[in-house]
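> okay, sequence plus prediction incoming.
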Amino acid sequence: MERKETHASFGGVQEVWRHKSVSLGVESNFAIYLPPQAKTEKVPVLYWLSGLTCTEQNFIGKAGAQRVAAELGIAIVASDTSPRGVGVADDDAYDLGQGAGFYLNATQEPWAAHYRMYDYVVTELPALIEASFPVTQQRGIAGHSMGGFGAIMIALRNPGRYRSVSAFSPIVAPTQVPWGEKAFSAYLGPDRASWAAYDPLELVRTATERLPVLIDQGLADQFLKEQLRPQLFQAAAQNAGQELILNLRPDYDHSYYFIASFIADHLRHFVSKLG
Ligand SMILES: N[C@@H](CCC(=O)N[C@@H](CS)C(=O)NCC(=O)O)C(=O)O
């Protein structure tokens, strides 16, 4: 594992590391913010999953999360959004291939060899983080858009693994919207039965643990009506008895300006569940 960046930030440190990932079969970057408290004690860690086109850099450069993470004494880990490199399958479109891994394990060619972001985010990365940094096993998961989908899907599938889950502008119904249908068709194949394991609307029906889900959604989001459709998750949650805090925010769009405006609420949501 090699440290690529280190920056003092609000008394703590923002780092970027590169390591050989077993799940992805290539080298991958992740970012970790360690608050000042981590110099003397182990701290809880929030995993952040970014959206389409992002790397580990977007969140750390644009969300402005370090100040409140330092106040609260939590670490934040931001992964990449797909495997990358010359030997890794890709597509010219921004919403498929590198930068668009959708946090699942692909079963179809040419994707299956490297596109295993589900295993990476759920198992490999936390094991590495917990062995290498001063963090506890108190984990939270949050994300944006494709990453908001990833956070909700992963929390619903992994009872006991996370203390909290939250999302900005998540793709809640990937089997019913163009971004999700395109990605699931490519990575999982045409058999829609295989999509259910990654569909939050299905998972919320059968989940054995129901962490309250916090969602913030901008009402001026250019992707709201076609790709995000939070009301579909709202209805599924209501049917399932799933607690949902859905904050609809007038005027806010899909960008990191929106995330930066409300990220503190999501960090506090995580800390409120640590008990
Ligand atoms: N049309 C946009 C769609 C991608 C987009 O909006 N990505 C969001 C996540 S779904 C993002 O966070 N972009 C990177 C950034 O704003 O830093 C593009 O081609 O870049």
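Received the coordinates, thanks.
> C-alpha from now on. contacts and neighbour counts both.
Will do.
> and the stretch 51-200 of the chain, which residues reach the ligand?
Residues of the stretch 51-200 of the chain lying near the ligand by Cα under 6 Å from any ligand atom: 51-54, 58, 94, 145.
> so where does the residue nearest to residue 240 when sequence neighbours are not counted fall, helix or strand?
Nearest in space to residue 240, with sequence neighbours left out and distances taken as Cα to Cα, 6 or more residues apart in numbering, is residue 205 at 5.4 Å. Under the criterion of DSSP states H and E, residue 205 resides in helix 200-206.
> so residue 142 is in which element?
Counting by DSSP H and E, residue 142 is found in strand 135-144.
> alpha carbons only: can I get that strand in CSV?
In CSV, the C-alpha atoms belonging to strand 135-144 read as follows (Å, rounded to 0.1, in the frame of the first residue of the first chain):
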residue,chain,number,x,y,z
VAL,A,135,-10.6,3.0,13.4
THR,A,136,-13.2,1.0,15.3
GLN,A,137,-15.6,-1.5,13.7
GLN,A,138,-18.4,1.1,14.0
ARG,A,139,-19.2,1.7,10.3
GLY,A,140,-21.6,3.9,8.5
ILE,A,141,-22.3,4.1,4.8
ALA,A,142,-23.5,7.0,2.7
GLY,A,143,-23.3,8.1,-0.9
HIS,A,144,-24.5,10.2,-3.8
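> and after that strand, which helix or strand comes next?
Next along from strand 135-144, by DSSP H and E: helix 146-157.
> still on that earlier bit, ok, and what's touching the strand holding residue 142?
38, 42-51, 75, 129-130, 148-152, 155, 161-170, 266, 270, 274 (Cα atoms under 8 Å, 6 or more residues apart in numbering).
> returning to that earlier point: near the residue nearest to residue 240, how many other residues are there?
Counted with other Cα atoms under 10 Å, residues neighbouring residue 205 total 16.
> ok now the helix ranked longest in the chain, how far from the chain's centre?
Looking across the chain with DSSP state H, the single longest helix is helix 256-272. What separates the centre of helix 256-272 from the centre of its chain is 14 Å, taken as Cα atoms, centre = their mean, to the nearest Å.
> could you point out where the stretch 1-150 of the chain is predicted with low confidence?
Applying pLDDT under 70 to the stretch 1-150 of the chain flags no residue at all.
> please, where are all the strands along it?
Residue ranges of the strands in the stretch 1-150 of the chain, as given by DSSP state E, counting those that start in this stretch, are 2-9, 12-20, 27-34, 43-49, 75-79, 135-144.
> mind putting these into a markdown table with mean neighbour count?
Shown next, in a markdown table, are the strands of the stretch 1-150 of the chain (neighbours: other Cα atoms under 10 Å):
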| stretch | mean neighbour count |
| --- | --- |
| strand 2-9 | 13 |
| strand 12-20 | 18 |
| strand 27-34 | 23 |
| strand 43-49 | 26 |
| strand 75-79 | 26 |
| strand 135-144 | 23 |
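> still on that earlier bit, return the members of the contacts of strand 135-144 classed as buried.
38, 42-51, 75, 129, 148-152, 155, 161-170, 266, 270 (16 or more other Cα atoms under 10 Å).
> state the next helix or strand along the chain beyond the helix holding residue 205.
strand 213-218.
> say whether the ligand is contacted by that next one.
No: if you take Cα under 6 Å from any ligand atom as the test, strand 213-218 misses the ligand, and the best it gets is 12.7 Å.
> now that strand - C-alpha only, PDB.
These are the backbone C-alpha positions of strand 213-218, laid out as PDB (Å, rounded to 0.1, in the frame of the first residue of the first chain):
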ATOM      1  CA  VAL A 213     -32.700   5.600   5.900                       C
ATOM      2  CA  LEU A 214     -31.900   9.300   5.500                       C
ATOM      3  CA  ILE A 215     -32.300  10.700   2.000                       C
ATOM      4  CA  ASP A 216     -31.700  14.300   0.900                       C
ATOM      5  CA  GLN A 217     -33.000  15.100  -2.600                       C
ATOM      6  CA  GLY A 218     -32.800  18.500  -4.400                       C
END
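> touching that strand from outside, list them.
152, 164-170, 224, 230, 243-254, 258, 262, 266.
> swap in stretch 186-198?
For stretch 186-198, using Cα under 8 Å, 6+ apart, the contacting residues are 104-109, 111-112, 153, 175, 184, 202-203.
> how much space between the single nearest residue of the stretch 51-200 of the chain relative to the ligand and residue 191?
Closest to the ligand within the stretch 51-200 of the chain is residue 51: 3.7 Å, counting by Cα to the nearest ligand atom. Between residue 51 and residue 191 the distance is 25 Å, computed by Cα to Cα, to the nearest Å.
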